[in-house]
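Peer 1: just need the structure, nothing else, for what follows:
(chains A and B)
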Amino acid sequence: MRIYMDTARQGQACPAAMQVECEFARLAFEDPYLCSLSFLQHGASVWPEQLQREFPELSCWNGSHQLHGQMALALGTQDADRVFVASQSARLVRTACRLMFRQCRSVLTTDLNWPAWQQIANEEAQRHHGRLHVVELKDPAIRGKASPQELNEVLQSKFLHHDCDGLFIPAVSSLGIHLTVAQLLRQLRSLRPVRFVVVDGAQALGHIPVNDIIDASDVFIAGCHKWLQAHLPLGVALTGNRLTAEQFANLAMKSEASSDCHDPLLRFSQELRTERLQKYSETVNVLPLLTANSTLRAASLGMNTINESLAMRQSNSQLVAQCLLDSPWCPVASTSMDCGILLVEPRKAERWNPEAIATAIYQHGISLSVYPDRTLRLSMPSQILTESQLQFLRNSFISVSQQML
Amino acid sequence: MGPGISEGGTAGICLGLALLRKLSYFRRMAEKRTTNSMRMTALLLPVVCCLVSAALAMWAAAPVQFFWLAVLLSVIIGMLVLRTGQRNESSTGLLETPFYLSHDPEVFERYQRISQQLLRISQRFNKATTCTELGDGQVVFVDTETWRLAYEMLLRAPTVFHYRSIAVVRHPKYWQDAAGTGSMQFNFQLIDDHIVTIERIVLIADQLWPKDQDLPVEELRQWIHEQSVHGIWIRLARISDLQKEPELVKDIGIYGQLAVGTQSLAEDNLRTQRFVLDFNLTAIRDAEQQWEKLGVYCTAYKDLLDQFRL
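Peer 2: Residues are numbered from 1 along each chain as shown, chains lettered A, B, ... in the order given. Below you'll find the model as predicted:
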């Protein structure tokens, strides 16, 4: 038996994504010409019917514009013009942070931000002579058991104290700490003007409902390869309004190839969508567009909604925590960690090597992330864990601790 | 005797101070008129004093002699004090300045450069007022758009990171002529190059943003929108909302902490009639206060768009 619990790092490919990848590889072998500009722009309808039958999953591709529309719907809006896709989420974060620091003088962030994104925010703050304030929430959330409301109160008071006008926070941190962003923004906006809000939704898209977060923020950034399970990384940015969409497009499309905001796939997908193709543009890998398209289509046809999946993940989290209670492993429980990510720490592990823990756990049939401080991150599946799976988990964890001792 | 002497001494000192004031008055008057007569007086005064002292020593009683000496002493001390004050006020004389500065080669070199520039200014403008304004930290441009050159230099100054501007718009084509469009493109370039961040408050006449309209007239709105798309943070207010604070309705630009520019438009509300560039810290602080106060009346363009979708 194997249990995959590393979705927060890399989601397990959904069947539709796997099918597209296989068909695309076959197409590349048989006739690469089929992946023409016309196909990418207008979809598989440009193929003869026989070809469509030969590549059934690829035939679901209805063009770049349709992908943007589908993505918009998945994010709770009908405005495809507000959606941007890129080969690297970092480019989207860079563009969003640059827009933010063009308009804000003082931006609040947290220590829950993904370090690479935080570094980008730092660089943009320096470039624009803006101020960046970091609020420490990790410790209060994990050790202090602070509730989401208490975390919001800390953020609110720091926002006012530092006279901030911008905000860059994650909806769910990589450790599973959940910030109630929409509620926080409502509170902040009732107190003072908030000019620009960037939300990192990498751990939120496909994991928790994001509609209200998107409505409240200026730019929401996520990827398709985690909880959405599209396998291939594809960065997605959704802007909160048309003006920000214009700003975003202006910056992304105007940036030169040498610019750190330049993303060839973003430019190409925008050109496809708006039908303004540059004749001598760069060749890009379009497969992530196709896998994302099929994944979204499969999700829209799926039985479970995000809310239902989340409820199952939460139940699984509680079940795993309970089954480890009297084991050498200690689940970290906090009200601000109420999503599908569970942290587990060894009770006595001063000398345990994190890499050795990761190897031992994998050998015992469980895939998860192990941090340098020996914290284990378990991403819960969206199907309820069976009794035998729970027993398998418990046995595996106990065996690993015995092996480490 | 004692008290008599004391009273005489005090009176003498008072009289001496009064004389000193008078002398001071004479001195100020003398600066305005010719100084020749004062110089004659200054030569005659010690001679008269010596003669009076000799006469008193021969014929007057001791208290009178004492009184006279007290008066003389007070005058001398007063003159010394006055002289010290004069030195503090004006330091050195105009001709002494270069000699005094030559002790410090670095400062002297700067003095030479400043003098050369002042000579160039006087040759070009030949107006005492221009030099005075320069001395006051102001540069004035009248009936010309050439102030935009100074504007561009300021915005590229290495200490200017933040540019705040208040635009008073009474014409839909405000800053949309060739010069204005050029300046707007320059603004966009500065943003793209990460040189400055720009915020603008647009104060709009009622005919361009009627009370019953959600947004300003389309021509003006397009101008505002283009700036927003380029990353300028824009806020709007109607001029009529500032009726009780008309002093806030001024077309200004605050260039970091370096200078403030105030633009006055001609009757057509398009061409520049006068542009004053002020480098005084007080002027910058005043402009910042104006900016803060205006903030109360403004609505962000972005919020207006959210509220009233196009």
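Peer 1: get me the contact residues on the stretch 201-350 of chain A for chain B.
Peer 2: Contact residues (Cβ under 8 Å from any Cβ of the partner chain) of the stretch 201-350 of chain A with chain B: A:241, A:242, A:243, A:244, A:246, A:247, A:250, A:251, A:254. Placement of C-beta: from N, CA and C, glycine included.
Peer 1: surely the fifth one is in contact with residue B:229?
Peer 2: Yes: taking Cβ atoms under 8 Å as the contact criterion, residue A:246 and residue B:229 are neighbours in contact, 4.8 Å apart.
Peer 1: per-residue pLDDT, the closest residue to residue B:136 other than its chain neighbours?
Peer 2: Spatial nearest neighbour of residue B:136, excluding adjacent residues (Cβ to Cβ, 6 or more residues apart in numbering or on different chains): residue B:280 at 7.2 Å. Predicted confidence (pLDDT) for residue B:280: 93.
Peer 1: and residue A:64, by the same measure?
Peer 2: Looking at residue A:64, its pLDDT stands at 91.
Peer 1: OK, contacts around it?
Peer 2: A:40, A:41, A:269, A:272, A:273, A:289 (Cβ atoms under 8 Å, 6 or more residues apart in numbering or on different chains).
Peer 1: quick check: closest non-adjacent residue to residue 64.
Peer 2: Here I'm looking at chain A. Spatial nearest neighbour of residue A:64, chain neighbours left out: residue A:272 (3.7 Å); criterion: Cβ to Cβ, 6+ apart.
Peer 1: could you do chain B instead?
Peer 2: Take residue B:64 and drop its neighbours on the chain: the residue closest to it by Cβ to Cβ, 6+ apart is residue B:56, 6.1 Å away.
Peer 1: repeat that for residue A:146.
Peer 2: Once flanking residues are discounted, residue A:146 sits nearest to residue A:140: 4.2 Å by Cβ to Cβ, 6+ apart.
Peer 1: check which helix or strand covers that neighbour.
Peer 2: Applying DSSP states H and E as the criterion places residue A:140 in helix A:138-142.
Peer 1: what's around the nearest residue to residue B:145 once chain neighbours are set aside, how many residues?
Peer 2: Distances taken as Cβ to Cβ, 6+ apart put residue B:179 closest to residue B:145, at 4.4 Å, once the chain neighbours are dropped. Residues within reach of residue B:179, counting by other Cβ atoms under 10 Å in any protein chain shown, total 17.
Peer 1: let me know the pLDDT of residue B:179.
Peer 2: 89.
Peer 1: OK, contacts around residue A:86?
Peer 2: Residues counted as contacts of residue A:86 (Cβ under 8 Å, 6+ apart) are A:92, A:234, A:235, A:236, A:237, A:263, A:265, A:266, A:269.
Peer 1: you'd agree the first one is up against residue A:237?
Peer 2: What that stands for is residue A:92. Yes: judged on Cβ under 8 Å, residue A:92 makes contact with residue A:237 at a distance of 4.3 Å.
Peer 1: what do these two both touch?
Peer 2: Taking Cβ under 8 Å, 6+ apart as the contact definition, residue A:92 and residue A:237 share the neighbouring residues A:84, A:86, A:219, A:221.
Peer 1: could you dump those residues into CSV and include pLDDT?
Peer 2: Formatted as CSV, these follow (pLDDT from 0 to 100):
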residue, pLDDT
A:84, 96
A:86, 97
A:219, 98
A:221, 98
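Peer 1: now the helices for the stretch 1-150 of chain B?
Peer 2: Ranges of helices in the stretch 1-150 of chain B, per DSSP state H, counting those that start in this stretch, are B:2-32, B:36-59, B:62-90, B:96-101, B:105-125, B:128-135, B:147-155.
Peer 1: give me the residue from chain A nearest chain B.
Peer 2: Closest approach between chain A and chain B, counting by Cβ to the nearest Cβ: residue A:102, at 3.5 Å.
Peer 1: so which strand or helix has the residue nearest to residue A:84 when sequence neighbours are not counted?
Peer 2: Of all residues beyond its chain neighbours, the one nearest residue A:84 is residue A:237 (4.4 Å), with distances taken as Cβ to Cβ, 6+ apart. Using DSSP H and E, residue A:237 falls within strand A:235-239.
Peer 1: list the buried residues of the helix or strand following that strand.
Peer 2: Next along the chain after strand A:235-239, taking DSSP H and E as the criterion, comes helix A:242-254. Counting neighbours by 16 or more other Cβ atoms under 10 Å in any protein chain shown, one finds that the buried residues in helix A:242-254 are A:243, A:244, A:245, A:246, A:247, A:248, A:249, A:250, A:251, A:252, A:253.
Peer 1: what helix or strand is the most far-flung residue of chain A relative to its centre located in?
Peer 2: The outermost residue of chain A relative to its centre, with distances by Cα atoms, centre = their mean, is residue A:50 at 37.0 Å. Assigned by DSSP H and E, residue A:50 belongs to helix A:49-54.
Peer 1: which other residues reach that helix?
Peer 2: Contacts for helix A:49-54 (Cβ under 8 Å, 6+ apart): A:34, A:44, A:59.
Peer 1: would you check those residues and say which has the weakest pLDDT?
Peer 2: Among those, residue A:34 carries the lowest pLDDT, at 91.
Peer 1: pretty sure residue B:217 sits against residue B:205.
Peer 2: No: the pair residue B:217 / residue B:205 is not scored as a contact, 10.2 Å apart, by Cβ under 8 Å.
Peer 1: the two - which one has more neighbours?
Peer 2: Each of residue B:217 and residue B:205 has its neighbours counted (other Cβ under 10 Å); residue B:205 has more, 20 against 14.
Peer 1: tell me which residue is most central in the chain.
Peer 2: Went with chain A since none was named. The centre of chain A sits closest to residue A:202, judged by Cα atoms, centre = their mean, with a distance of 1.9 Å.
Peer 1: let's do chain B instead
Peer 2: Centre-nearest of chain B using Cα atoms, centre = their mean is residue B:136, 4.4 Å out.
Peer 1: helices of the stretch 201-350 of chain A, start to end?
Peer 2: For the stretch 201-350 of chain A, the helices defined by DSSP H, counting those that start in this stretch occupy A:211-216, A:242-254, A:264-274, A:287-301, A:306-323.
Peer 1: what about whichever residue of the stretch 101-250 of chain B sits closest to chain A, helix or strand, and which?
Peer 2: In the stretch 101-250 of chain B, no residue comes nearer to chain A than residue B:231, which is 3.5 Å away by Cβ to the nearest Cβ. Residue B:231 is located outside every helix and strand, with elements delineated by DSSP H and E.
Peer 1: quick one: low-confidence residue ranges for the stretch 101-250 of chain B.
Peer 2: For the stretch 101-250 of chain B, applying pLDDT under 70 flags the ranges B:118, B:120-135.
Peer 1: ditto for the stretch 251-400 of chain A
Peer 2: Ranges of the stretch 251-400 of chain A meeting pLDDT under 70: A:303, A:349.
Peer 1: if we use 80, what do you get?
Peer 2: Filtered on pLDDT under 80, the stretch 251-400 of chain A yields the residue ranges A:255-258, A:278-281, A:302-304, A:349-351.
Peer 1: ok, back up a step: from the chain's centroid, how far away is the strand holding residue A:237?
Peer 2: How far strand A:235-239 lies from its chain's middle: 10 Å, per Cα atoms, centre = their mean, to the nearest Å.
Peer 1: so what's residue A:325 up against?
Peer 2: Counting by Cβ under 8 Å, 6+ apart, residue A:325 touches residue A:331.
Peer 1: chain A contacts on chain B?
Peer 2: Contacts of chain B with chain A, taken as Cβ under 8 Å from any Cβ, map to B:161-162, B:191-192, B:194, B:197, B:225, B:228-233, B:300-303, B:305-306, B:309-310.
Peer 1: in helices only, show me those residues.
Peer 2: B:191, B:192, B:225, B:228, B:229, B:301, B:302, B:303, B:305, B:306 (DSSP state H).
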